[in-house]
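# Can you look at this prediction? I've put the sequence above it.
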Protein chains: 2
Amino acid sequence: MTQNKRTHKRVTIADVAREAGLSPTTVSHSLNGIGQVDPRTRQHVKDVAARLKYRPSVRAQRLRTGRSNAIALLSSMPAAVSTGESRLGFFTELAMGMAGKALLSGYVLMLAPPMDQCNPLALMDIDGAILLEPAPDDPIAQELDERAVPYVTVGGEPGPDNVDLQHAAAADLLLQHLLQSGARRPGLILGGSGRASQRNFHERYLATAEARGFPPVVAFAAEEIGAEAGRQAAARLLAEHPELDALCIPIDTFASGALRAIHDAGRRVPDDMLLATRHDGVRARTCQPPLTAVDLHLDAVSHVAVQRLLRMLGREGQDAPVDVPTPALVARRSTGA
Amino acid sequence: MTQNKRTHKRVTIADVAREAGLSPTTVSHSLNGIGQVDPRTRQHVKDVAARLKYRPSVRAQRLRTGRSNAIALLSSMPAAVSTGESRLGFFTELAMGMAGKALLSGYVLMLAPPMDQCNPLALMDIDGAILLEPAPDDPIAQELDERAVPYVTVGGEPGPDNVDLQHAAAADLLLQHLLQSGARRPGLILGGSGRASQRNFHERYLATAEARGFPPVVAFAAEEIGAEAGRQAAARLLAEHPELDALCIPIDTFASGALRAIHDAGRRVPDDMLLATRHDGVRARTCQPPLTAVDLHLDAVSHVAVQRLLRMLGREGQDAPVDVPTPALVARRSTGA
DNA sequence: CTGAAAGCGCTTACAG
DNA sequence: CTGAAAGCGCTTACAG
């Protein structure tokens, strides 16, 4: 009776119906716990289905119901930047968090690493999407609109369908902390991608410089290169501006490279130079000395993003709406803590 | 003429056929570049489809063709271990690599973070799967078998459908390197999950101890806890075995914790104690001093895993089969490099 | 409480 | 070169 795998024909709802002496309708109702079915009939159907090892076809369910119970995580960053060392931790931490949250609501997560060549959207059967740090006039956002795929953004332009990453608040937190820790001439090193995060840090930095009366010193580094780009940018800054006594470097990979440049220049953290980064991830914790950073509550961010998207899809969450807490400073040795 | 989004009815192949004055068959053939269609007809169909913004329904295609062009990355680790700090980098590095490779062949990747509660397989419409480090008699492997889902394993039991992670070779590489770097009494700290990786390191360590005539000293730490577990295990080992002059710690998170324990014990790396870990990831590179590690060629591993799975699915790769290179030692300051 | 029938939107033999 | 029809495997009004 054992079917050869090559000959293996799928067990369908019709097979179960035939075997149970009932109609597909009743089988469907029984298995899905809907409609009015005699309890004994229902149990009988379940027994037969189990005996035949019946597994409903997700494909057919999706076509018929019009829902796929799948969502995608998309990023519009150029592939080199997004999968580059400097952002991998950020992206994947959100991805894992979202995959977990989604699953708890019966949704699976598709991963669409940014590929410059092919278009993942044409291959994906999804009900909605989460778009990470979209640019203004983002091409992926446009295509989602064209396809009428509902989506929320994370770290995008403010709005009801955006989950704020609170970059400005994080920037203020770090800059104030540096100044309170004794910095008089803090410098800034940014990535070149021009996303909201970088823009916000830039703005807040300039505003703080003006308010506190120190001359702004800003350098840019290429995000796709990683630590070495950060090292070079920091080396340049140290050479040209020996008066700097602190560096705010939102991208942790750059901060780790800068640490080396500072060391190479014969200066020490935190004695001669304070250093702070944004994302409190593996890097910030592992660096020597460990880096002062900001807890952005990425787990809460993924939770909120998924929850808001599901709400948009009509899956009114029975669970209470979650809020993303205000970013919290994590003071470490790199700023004298 | 603009459709309200709430009223928005999907444009189907029938709509295109009607508008073009042709049959669905011809539209399908034209758009998919198959069959015998008059070139002008074909172009006309394409024009009409573009004008109507027709997007084929992936759902319907999947049901009809029996293929979903989707694969899943599964892990059977308990959730706490697999998403725990100590393995996150490993899992996500493979995931991103696979997602990219798959996309190049027209496949999308579903992420199934290990959830103890729900069963992602029932929700996923996939043609095949990649199972990460399965245990013997792995429940997920069993369910894949039951559902007749083709799959390859990564770092599982040796066999044609397994992509070897070459743990034994990596272990030998590290142990030989430690001994050559002057270690006389190397100790070992392992995770408690009992996976092939840990078993292999244990075996090779014991064999090396016997061959070289040093007494084996092994400690275990809980993988779901992370760096702190590594620190405690190392602290214990240092206290009980002050004669140890090197530590081999395959899990990088533990190694980073051990670094702190060594420091707290008033000893220095590499002067008083050599230290080496396995995965050459962010941690190994960021630690101070940077850790000697092994390049496992995870990018090649993901490539091979995807390629082998697609071959299994009958997608004979036109691209040449890739091989996973032998693990390569990356000597760093933690062993005196 | 149960069932016959339609239909989700495609692709694929098959006929012309 | 083109088209009518079947069918992938479900769910859902609707009728009884």
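It's in.

# Least confident secondary structure element in chain A?
Lowest by mean pLDDT, DSSP states H and E among the helices and strands of chain A is helix A:79-82, with a mean of 60.

# Assumed A:L109 was part of a strand.
Yes. Per DSSP: H, G, I helix; E, B strand; the rest coil, A:L109 lies within a strand segment.

# In space, what's closest to it - neighbours in sequence excluded?
If the residues on either side of it in the chain are set aside, A:L109 comes closest to A:A99, at 4.1 Å by CB to CB, 6 or more residues apart in numbering or on different chains. In short, each C-beta sits where N, CA and C put it, glycine included.

# ok, now which ones touch that neighbour?
A:V108, A:L109, B:L111, B:A112, B:P113 (CB atoms under 8 Å, 6 or more residues apart in numbering or on different chains).

# same deal with A:L206?
Here A:L206 is in contact with A:P216 (criterion: CB under 8 Å, 6+ apart).

# Put the alpha carbons of the one helix or strand it maps to into PDB.
Assigned by DSSP states H and E, A:L206 belongs to helix A:196-212. Extracted C-alpha coordinates of helix A:196-212, given in PDB (Å, rounded to 0.1, in the frame of the first residue of the first chain):
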ATOM      1  CA  ALA A 196      16.200  59.500   6.700                       C
ATOM      2  CA  SER A 197      18.400  58.200   9.500                       C
ATOM      3  CA  GLN A 198      21.500  60.000   8.100                       C
ATOM      4  CA  ARG A 199      19.600  63.100   7.300                       C
ATOM      5  CA  ASN A 200      18.100  63.300  10.800                       C
ATOM      6  CA  PHE A 201      21.400  62.900  12.500                       C
ATOM      7  CA  HIS A 202      22.900  65.500  10.300                       C
ATOM      8  CA  GLU A 203      20.100  68.000  11.100                       C
ATOM      9  CA  ARG A 204      20.200  67.400  14.800                       C
ATOM     10  CA  TYR A 205      23.900  67.700  14.800                       C
ATOM     11  CA  LEU A 206      23.900  71.000  13.000                       C
ATOM     12  CA  ALA A 207      21.200  72.300  15.300                       C
ATOM     13  CA  THR A 208      23.100  71.300  18.400                       C
ATOM     14  CA  ALA A 209      26.300  72.800  17.100                       C
ATOM     15  CA  GLU A 210      24.500  76.100  16.600                       C
ATOM     16  CA  ALA A 211      22.800  76.000  19.900                       C
ATOM     17  CA  ARG A 212      25.900  75.100  21.800                       C
END
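
# Skipping adjacent residues, who's closest to the closest residue to DNA strand C within the stretch 151-300 of chain A in space?
Residue nearest to DNA strand C within the stretch 151-300 of chain A: A:Y151 (20.2 Å; CB to the nearest atom of the strand). Excluding the flanking residues, the one nearest A:Y151 by CB to CB, 6+ apart is A:A129, at 4.2 Å.

# quick one on the thing from earlier: next, format the contacts of A:A99 as CSV and append distance to DNA strand C and neighbour count.
Output for the contacts of A:A99, formatted as CSV (distance: CB to the nearest atom of the strand, whole Å; neighbours: other CB atoms under 10 Å in any protein chain shown):
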residue, distance to DNA strand C, neighbour count
A:V108, 20, 26
A:L109, 24, 28
B:L111, 26, 27
B:A112, 26, 23
B:P113, 30, 24
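
# which residues of chain A score low on pLDDT?
Along chain A, the model assigns pLDDT under 70 to residues A:1-8, A:78-88, A:114-118, A:316-321.

# Near DNA strand D, which residues of it are found?
A:10-14, A:24-25, A:28-29, A:31-32, A:34, A:54-57, A:59-61, A:63-65 (CB under 7 Å from any atom of the strand).

# ok, now with 6 Å
Selection of chain A residues close to DNA strand D by CB under 6 Å from any atom of the strand yields A:10, A:12-13, A:24-25, A:28, A:32, A:56-57, A:60-61, A:63-65.

# quick revisit: between the contacts of A:A99, which is closest to DNA strand D?
Distance to DNA strand D across those (CB to the nearest atom of the strand) is lowest for A:V108, with 16.7 Å.

# which residues of chain A fall in strands?
All strands of chain A, identified by DSSP state E, fall at A:70-75, A:108-112, A:128-132, A:151-154, A:162-163, A:186-191, A:218-221, A:246-249, A:274-279, A:292-295, A:328-330.

# Between the ones you listed, which one is closest to A:A265.
Evaluated over the strands of chain A, closeness to A:A265 peaks at strand A:246-249, with 11.8 Å, by CB to CB.

# and that closest one, which strands flank it?
Strand A:246-249 has the following sheet partners, assigned by DSSP bridges: strand A:186-191 (parallel), strand A:274-279 (parallel).

# What segments of chain A are helices?
Secondary structure of chain A by DSSP state H: the helices cover A:13-20, A:24-32, A:39-51, A:58-65, A:79-82, A:85-104, A:139-146, A:167-180, A:196-212, A:227-240, A:252-264, A:282-286, A:298-312.

# who in the stretch 51-200 of chain A is up against DNA strand C?
Selection of the stretch 51-200 of chain A residues close to DNA strand C by CB under 6 Å from any atom of the strand yields A:L63, A:R64.

# Indicate the residue of the stretch 51-200 of chain A located nearest to DNA strand C.
Residue nearest to DNA strand C within the stretch 51-200 of chain A: A:R64 (3.6 Å; CB to the nearest atom of the strand).

# Just list the residues touching A:M312, thanks.
Listed by CB under 8 Å, 6+ apart, the contact set of A:M312 reads A:G128, A:P150, A:V152, A:D161.

# Which PyMOL command selects the buried ones in these?
Of the contacts of A:M312, the buried ones go into a single PyMOL selection, burial set by 16 or more other CB atoms under 10 Å in any protein chain shown:
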select buried, chain A and resi 128+150+152
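
# quick one: the residue nearest in space to the middle of chain A from A:A171, how far?
Nearest residue to the geometric centre of chain A (CA atoms, centre = their mean): A:L94, 3.2 Å. Per CB to CB, to the nearest Å, A:L94 is found 20 Å from A:A171.

# So out of everything in the stretch 151-300 of chain A, what residue is nearest chain B?
A:Q288 (2.8 Å; CB to the nearest CB).

# I figured that residue hits B:R283, correct?
No. Using CB atoms under 8 Å, A:Q288 makes no contact with B:R283, being 11.9 Å away.

# Look at the two and report which has more neighbours.
Neighbour comparison, A:Q288 and B:R283: the larger count goes to B:R283, with 25 against 19 (by other CB atoms under 10 Å in any protein chain shown).

# Run through the residues that contact the more buried one.
Counting by CB under 8 Å, 6+ apart, B:R283 makes contact with A:V282, A:T286, B:G89, B:D252, B:T253, B:A255, B:S256, B:T277, B:L291.

# so what's the residue nearest to the first one when sequence neighbours are not counted up against?
In other words, A:V282. Once flanking residues are discounted, A:V282 sits nearest to B:V282: 5.5 Å by CB to CB, 6+ apart. Shown in contact with B:V282 (CB under 8 Å, 6+ apart): A:E85, A:G89, A:V282, A:R283, A:T286, B:G89.

# Can I get the residues of chain A next to DNA strand D in JSON lines including distance to chain B and neighbour count?
Conversion of the residues of chain A next to DNA strand D to JSON lines gives the following (distance: CB to the nearest CB, whole Å; neighbours: other CB atoms under 10 Å in any protein chain shown):
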{"residue": "A:R10", "distance to chain B": "9", "neighbour count": "10"}
{"residue": "A:T12", "distance to chain B": "12", "neighbour count": "17"}
{"residue": "A:I13", "distance to chain B": "14", "neighbour count": "18"}
{"residue": "A:P24", "distance to chain B": "16", "neighbour count": "14"}
{"residue": "A:T25", "distance to chain B": "20", "neighbour count": "12"}
{"residue": "A:S28", "distance to chain B": "16", "neighbour count": "17"}
{"residue": "A:N32", "distance to chain B": "13", "neighbour count": "10"}
{"residue": "A:P56", "distance to chain B": "8", "neighbour count": "16"}
{"residue": "A:S57", "distance to chain B": "8", "neighbour count": "18"}
{"residue": "A:A60", "distance to chain B": "6", "neighbour count": "15"}
{"residue": "A:Q61", "distance to chain B": "9", "neighbour count": "17"}
{"residue": "A:L63", "distance to chain B": "5", "neighbour count": "19"}
{"residue": "A:R64", "distance to chain B": "9", "neighbour count": "11"}
{"residue": "A:T65", "distance to chain B": "10", "neighbour count": "10"}
